[in-house]
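Asker: Quick one, fold the following:
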Amino acid sequence: MYDPLATKKEQEEIEQAKDIVIQAITETMDIYGAAPSVGRLYATMYFVDKPITLDEMKDMLEMSKPSMSTGVRALQENGMVNRIWEKGSRKNKYSAEKDFFKSFISFYCKRWEREYKENLQAISESLAVLKTIIDDETCDEAMREEARQYYNQIEDSKRYYHWLERLVDSFYSHEIFQFIPKDKE
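Answerer: Predicted structure coming up:
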């Protein structure tokens, strides 16, 4: 038999369960460099089953539309929100990425790629300068020795950046999941 009081209680418990997760996501979004309001935006969108507009988000969260737009853009850049095109709709709609593995890969791999690419470029330029000093027999020997020391130190750091590049590739190819499966076995 249908009991409206029990249904209301169950609905409140469902909302409470969602609020617990929303609060946790909100509090941990600083890991992704997001403000608590952006974290709350993502966490709230995570529980919405259909793509929604900025206006709908604004109403749900009582945030300003510019604030909402900035938050959604940041989440899109991090691969945590997707813009969805719907035929017949003139407004952009958005949906939270619900696959945390995909979000993690998108966010961290972008940053790791930037790290290894920028540093390998800097290393290449630095080594060229140091090599010129090392090869210049007219330079003071103490200076050449100092250049050799830094050359070797910097050359050795390439191991880390090449390792990081392989790590990123293993995430993109999903090879990493052969070593650390998504599901505990």
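
Asker: packing partners for the helix or strand encompassing Gln16?
Answerer: Here Gln16, judged by DSSP states H and E, is contained in helix 4-28. Judged by 3 or more Cβ pairs under 8 Å, 6 or more residues apart in numbering; DSSP states H and E, the packing partners of helix 4-28 are helix 36-46. (C-beta placed from N, C-alpha, C; glycine too.)

Asker: Direction-wise, compare the helix it packs on with helix 4-28 and give the angle.
Answerer: Helix 36-46 and helix 4-28 are oriented at 140 degrees to each other (axes from the mean of the first three to the mean of the last three Cα atoms, to 10 degrees).

Asker: which is the next helix or strand following the helix or strand containing Tyr116?
Answerer: Counting by DSSP H and E, the element that carries Tyr116 is helix 100-135. Per DSSP H and E, the first helix or strand lying C-terminal to helix 100-135 is helix 141-172.

Asker: now that following helix against helix 100-135, angle please.
Answerer: Per the same axes, to 10 degrees, the angle that helix 141-172 makes with helix 100-135 is 160 degrees.

Asker: Which SSE is immediately downstream of helix 141-172?
Answerer: Following helix 141-172 in sequence, per DSSP H and E, is helix 176-179.

Asker: What residues sit buried inside that following helix?
Answerer: Across helix 176-179, burial judged by 16 or more other Cβ atoms under 10 Å covers Ile176.

Asker: Just checking the distance from it to the centre of its chain.
Answerer: Chain-centre distance of helix 176-179: 20 Å, with Cα atoms, centre = their mean, to the nearest Å.
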